[in-house]
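> this is a predicted model, with the sequence first.
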Amino acid sequence: MKVSVDRSCCQGHARCWETAPEVYELNDLGYCCIDTIDVPPSLEDDARRGAAACPERAITIHDDTAGGGAVP
Amino acid sequence: MAEPAPVPDHVPPDVVRPFDYHHDPRFVADPFGAFEGVRGQRAFFSPAYGGYWVLTEAADIRAAFQHPEWFSSRITGIPPTPRPRQLLPLELDPPDHGAYRHPLAPVFSPKAVTLLESRIRATSVELIDRFATAGRCEFLADFAVPFPTTIFVDLLGLPAAEAPRLAAWNHALLHAHDEPQRREEAKTAIAAYLDDLVTRRMGEAGRGAGRDDDLFAVLLAAEVEGRALTKDEIFDYAFLLFVAGLDTVTAALGFSFAYLARNADHRKQLVADPSLVPSAVEELLRSHSIVNPARTVTEDVEFAGVCMRAGDRVLVSTVLANRDPAEFDDPAAVDFHRSVNRHLAFGAGPHRCLGSHLARCELRVALEEFHRRIPDYRIEDGAVIRAHGGGAMGVDHLPLVWEVSP
């Protein structure tokens, strides 16, 4: 599974990091600083919950099993 | 009071609906219920306060926040608040907005707030200990007002003894709508106070003196577009922080504790399991959102099923967004276990509340420390709890009582 963050849409709510700090990293200004990353299987649930917490809908989950492109 | 304006030609009669979120008496008893009364029509036009659109659905409200190119922040109040200069960075649009917001971002980042938490906790404990053994408090005056004000005063590098004076000015400025003279006096007093402060701090910085770890130090060191900030700009930042940072946390605390005082089951959940507090904070923010900002349409646009004209005012209520049944199951229910809770209590888009992480920390600490010391309380018998609507809603008075062991 991959997650991608539309950083032009991120506004620094930091809910992803609050929910899943092992998946979503913040820069010093408090904005999410990942683009696309591979998520290890053990963190997939965290990654999904973090994506679902984003008020801007800036995070997309690319689920291998679902064929990719699934939006939370 | 709201003088109905003639409805403009581009507004069809079937979308006109009187709505006064400042003075409608229904807001006094239950501002959230009063907002619910308008749900059902995706967008409507109220003739009050010179006329303005109201968006009622979360998806439209989020889109309006996310598209400053259509919905400008140049004027944020309904009716428009006359101001000689813009509040920085609240009343700027991109790209200027980003340049002016940038210097403050590290100060209010989640990691910076983490470093403030021990001081925030000590402030809250000190206030609660003053009344815990008395068996009663007026929650606003004894806690919800002094708590965020003391933290703000500390951020500005001022002595804690300044907090009561600043809180009184702030309250008069934001809530003495029916006493224009008192309001004007408060505004003048705040302006003189901040002006004096900015002058002093700029003088100290010029001599290489003064504190280097507070908000003024950050503003004095900041560069926007390759130059230092002017005195007027530093004043405008300070004024915004003053009007935005104190009253909102007070209001969120007021509504949250009024709810918990009336709903023992929810209160008991927090007492039994303090690890629930962070999700309770989110749910109380969602169910009791307080901010109702406005935008101005930049160009003629079809939006939310209606035709808006350049210059039209639009209310983008976080209250309506966060109780939209299309977004939240059973939105009126307060559920501390809500699994997905991407509410818009702090807005969205580039103007997302800069103080959101500080506010969340203050609310979490207050819920933890208050319930640790006072687990069981209720609203004083016979007390009538009055709220106010407007751009920043709040509770006016909240007398709480509890049993004290002899």
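Arrived safely, thanks for sending.
> so which residues of chain B form strands?
B:43-46, B:52-55, B:71-72, B:136-138, B:223-224, B:227-228, B:294-297, B:301-303, B:306-308, B:313-315, B:378-379, B:387-388, B:394-395, B:399-401 (DSSP state E).
> how much space between the residue nearest the centre of chain B and chain A?
Nearest to the geometric centre of chain B sits B:Thr248, at 3.2 Å (CA atoms, centre = their mean). Counting by CB to the nearest CB, to the nearest Å, the gap from B:Thr248 to chain A is 16 Å. In short, each C-beta sits where N, CA and C put it, glycine included.
> leaving out chain neighbours, which residue sits closest to the residue of chain B found nearest chain A?
Residue nearest to chain A within chain B: B:Ser109 (3.6 Å; CB to the nearest CB). Sequence neighbours aside, A:Gly30 is the residue nearest to B:Ser109 in space, at 3.6 Å (criterion: CB to CB, 6 or more residues apart in numbering or on different chains).
> okay, now the residue of chain B closest to chain A: neighbour count?
Around B:Ser109 there are 22 other residues, counting by other CB atoms under 10 Å in any protein chain shown.
> got it, and A:Asp64?
Counted with other CB under 10 Å, the neighbours of A:Asp64 add up to 10.
> rewinding a little: the residue nearest to the centre of chain B contacts B:Gly391, correct?
No - between B:Thr248 and B:Gly391 there is no contact under CB atoms under 8 Å: 10.4 Å.
> hang on, the earlier thing: per-residue confidence at the residue nearest to the centre of chain B?
In this model, B:Thr248 is scored at 93, pLDDT.
> equivalent analysis for B:Gly208, please.
Listed pLDDT for B:Gly208 reads 86.
> please apply the same query to the one 10 residues further on.
Reading off the confidence values, B:Val218 has pLDDT 94.
> wait, isn't it in contact with B:Val107?
Yes - using CB under 8 Å, B:Val218 makes contact with B:Val107 at a distance of 5.5 Å.
> between the two, tell me which one has more neighbours.
More crowded of B:Val218 and B:Val107, by other CB under 10 Å: B:Val107, with 20 against 16.
> from B:Ala221, how far off is the more buried one?
From B:Val107 over to B:Ala221 the distance is 11 Å, taken as CB to CB, to the nearest Å.
> ditto for B:Ala258
Taking CB to CB, one finds B:Ala258 at 41 Å from B:Ala221.
> who's more crowded, these two?
B:Ala258 (19 against 12).
> within range of chain B, give me the residues from chain A.
Contact residues, chain A versus chain B (CB under 8 Å from any CB of the partner chain): A:9, A:11-15, A:17-18, A:26, A:28-30, A:49, A:52-57.
> can I get the buried part of these as one ChimeraX selection?
Selecting the buried subset of the residues of chain A next to chain B in ChimeraX, with 16 or more other CB atoms under 10 Å in any protein chain shown as the burial test, is done by:
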select /A:11,12,13,14,15,17,18,26,29,30,49,52,53,54,55,56,57
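> re earlier: between B:Thr248 and B:Gly391, which contacts overlap?
Common contacts of B:Thr248 and B:Gly391 (CB atoms under 8 Å, 6 or more residues apart in numbering or on different chains): B:Val291.
> list the contacts of the longest helix seen in chain A.
Longest helix in chain A, counting residues (DSSP state H): helix A:44-52. Outside helix A:44-52, the residues within contact range by CB under 8 Å, 6+ apart are A:1, A:3, A:15-17, A:19-20, A:22-24, A:39, A:59-61, A:72, B:339-340, B:342.
> a markdown table for the strands of chain B, including distance to chain A and mean neighbour count?
Shown next, in a markdown table, are those (distance: least, CB to the nearest CB, whole Å; neighbours: other CB atoms under 10 Å in any protein chain shown):
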| stretch | distance to chain A | mean neighbour count |
| --- | --- | --- |
| strand B:43-46 | 21 | 22 |
| strand B:52-55 | 16 | 24 |
| strand B:71-72 | 15 | 22 |
| strand B:136-138 | 31 | 18 |
| strand B:223-224 | 15 | 14 |
| strand B:227-228 | 20 | 11 |
| strand B:294-297 | 16 | 22 |
| strand B:301-303 | 18 | 15 |
| strand B:306-308 | 23 | 18 |
| strand B:313-315 | 19 | 23 |
| strand B:378-379 | 32 | 16 |
| strand B:387-388 | 25 | 20 |
| strand B:394-395 | 23 | 24 |
| strand B:399-401 | 30 | 19 |
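> mind putting these in a markdown table, mean pLDDT and distance to B:Ala326 included?
Below are the strands of chain B laid out as a markdown table (pLDDT from 0 to 100; distance: least, CB to CB, whole Å):
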| stretch | mean pLDDT | distance to B:Ala326 |
| --- | --- | --- |
| strand B:43-46 | 98 | 14 |
| strand B:52-55 | 98 | 13 |
| strand B:71-72 | 98 | 21 |
| strand B:136-138 | 98 | 39 |
| strand B:223-224 | 93 | 40 |
| strand B:227-228 | 96 | 47 |
| strand B:294-297 | 97 | 21 |
| strand B:301-303 | 97 | 17 |
| strand B:306-308 | 98 | 18 |
| strand B:313-315 | 98 | 19 |
| strand B:378-379 | 98 | 33 |
| strand B:387-388 | 94 | 26 |
| strand B:394-395 | 95 | 27 |
| strand B:399-401 | 98 | 36 |
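> of all those, which lies closest to B:Arg121?
For the strands of chain B, proximity to B:Arg121 was assessed by CB to CB; strand B:136-138 is nearest, at 18.6 Å.
> now for the closest one, which elements pack on it?
strand B:399-401 (3 or more CB pairs under 8 Å, 6 or more residues apart in numbering or on different chains; DSSP states H and E).
> give me the sheet partners of the strand it packs on and which way each runs.
Here strand B:399-401 has these sheet partners by DSSP bridges: strand B:136-138 (antiparallel), strand B:378-379 (antiparallel).
> what sits against residue 7?
Defaulting to chain A. Counting by CB under 8 Å, 6+ apart, A:Arg7 touches A:31-33, A:35, A:58.
> actually chain B
By CB under 8 Å, 6+ apart, B:Val7 lies in contact with B:13, B:16, B:45, B:47, B:51.
> helices along the stretch 151-300 of chain B, start to end?
Here the stretch 151-300 of chain B has its helices, by DSSP state H, counting those that start in this stretch, at B:163-175, B:180-206, B:215-221, B:231-245, B:247-262, B:264-272, B:277-287.
> show me what counts as buried in the shortest one.
Meaning helix B:215-221. B:215-220.
> for the fourth one, same thing?
By neighbour count, with 16+ other CB under 10 Å as the criterion, the buried positions of helix B:231-245 are B:233-245.
> likewise for stretch B:310-330?
Buried residues in stretch B:310-330 (16+ other CB under 10 Å): B:312-324, B:327-328.
> from start to finish, how long is that stretch in a straight line?
One end of stretch B:310-330 to the other measures 36 Å (CA to CA, to the nearest Å).
> what does stretch B:339-351 give?
Taking CA to CA, stretch B:339-351 runs 26 Å from one end to the other.
> give me the contacts around it.
For stretch B:339-351, contacts defined as CB under 8 Å, 6+ apart pick out A:11, A:13, A:15, A:49, A:52-57, B:58, B:61-62, B:65-68, B:73, B:90, B:94, B:97-98, B:101, B:279, B:282-283, B:285-286, B:289-291, B:293, B:318, B:321-322, B:328, B:352-353, B:356, B:359.
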